[in-house]
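Participant: Quick check, what structure comes out for this input:
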Amino acid sequence: MLNRIIIMGRLVRDPELRTTQSGVAVTSFTLAVDRDFKSRDSGEKATDFIDVVAWRNTAEFVCKYFSKGRMAIAEGRLQIRDWKDRDGNNRRSAEVVADNVYFGDSKRDNSSSGDYGSPPPYGVPAQSQPSYNQSYGGGYGAPSGDSSGFAEIDDQDGDLPF
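Facilitator: Next up, the predicted model:
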């Protein structure tokens, strides 16, 4: 069986880091996710507000680097919880338990400071991250001496295999 979900939306409010009684970090936040289609009546896209819960290092990462309005991609599983309200009525809630949270936008979209050095998404081991330094010899994100992100091909390479 498979229970995997990926959603992308904007944070409705700043996430807050909490800890359980045993000291485990946890945060919950809500993503505003636009639907792909427009309403026939209003001609506007409807928005779903989806609750997300992140634990341990993922929770710390979200609280450190994300804030209200920031675009985020949450990857995890859908969980349905049964609970009782104050009046004793049975209730159900759906939430995404996030294994990984990624940036859905660039720092450039949210600030004019020019700081584009955001860390890689949490949950992906550093050795599996693309290494622009090894491939091109330049800094993270672009080859050295070339701000376009492309490397020049030598004419001596011969025929390309495709």
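Participant: check contacts around A25.
Facilitator: For A25, the contacting residues are 17-19, 55-57, 59-60, by CB atoms under 8 Å, 6 or more residues apart in numbering. (Glycine included, C-beta is placed from N, CA and C.)
Participant: And the pLDDT for it?
Facilitator: Looking at A25, its pLDDT is 95.
Participant: how many other residues sit next to the residue nearest to E44 when sequence neighbours are not counted?
Facilitator: Once flanking residues are discounted, E44 sits nearest to K38: 6.1 Å by CB to CB, 6 or more residues apart in numbering. Neighbour count for K38, taken as other CB atoms under 10 Å: 11.
Participant: Roughly how far does K38 sit from E16?
Facilitator: 34 Å (CB to CB, to the nearest Å).
Participant: Likewise for R40?
Facilitator: Distance from R40 to E16, by CB to CB: 39 Å.
Participant: same check, this time on V62
Facilitator: 10 Å.
Participant: Identify the contacts common to these two.
Facilitator: In terms of CB under 8 Å, 6+ apart, V62 and E16 are both contacted by the residues T27.
Participant: Compare the two (neighbour count), which wins?
Facilitator: Each of V62 and E16 has its neighbours counted (other CB under 10 Å); V62 has more, 25 against 11.
Participant: Got phi/psi on the more buried one?
Facilitator: phi -60, psi -50 (degrees, to the nearest 10).
Participant: Which residue, other than its chain neighbours, is closest to D99?
Facilitator: G76 (4.6 Å).
Participant: dump the residue contacts of the one you found.
Facilitator: Contacts of G76 by CB under 8 Å, 6+ apart are 4-5, 52, 96-100.
Participant: swap in G9?
Facilitator: Counting by CB under 8 Å, 6+ apart, G9 touches 31-34, 50, 71-72, 104.
Participant: In a markdown table: those residues, plus secondary structure and pLDDT.
Facilitator: Shown next, in a markdown table, are the contacts of G9 (DSSP: H, G, I helix; E, B strand; the rest coil; pLDDT from 0 to 100):
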| residue | secondary structure | pLDDT |
| --- | --- | --- |
| L31 | strand | 97 |
| A32 | strand | 96 |
| V33 | strand | 95 |
| D34 | strand | 93 |
| I50 | strand | 96 |
| M71 | strand | 96 |
| A72 | strand | 96 |
| G104 | coil | 91 |
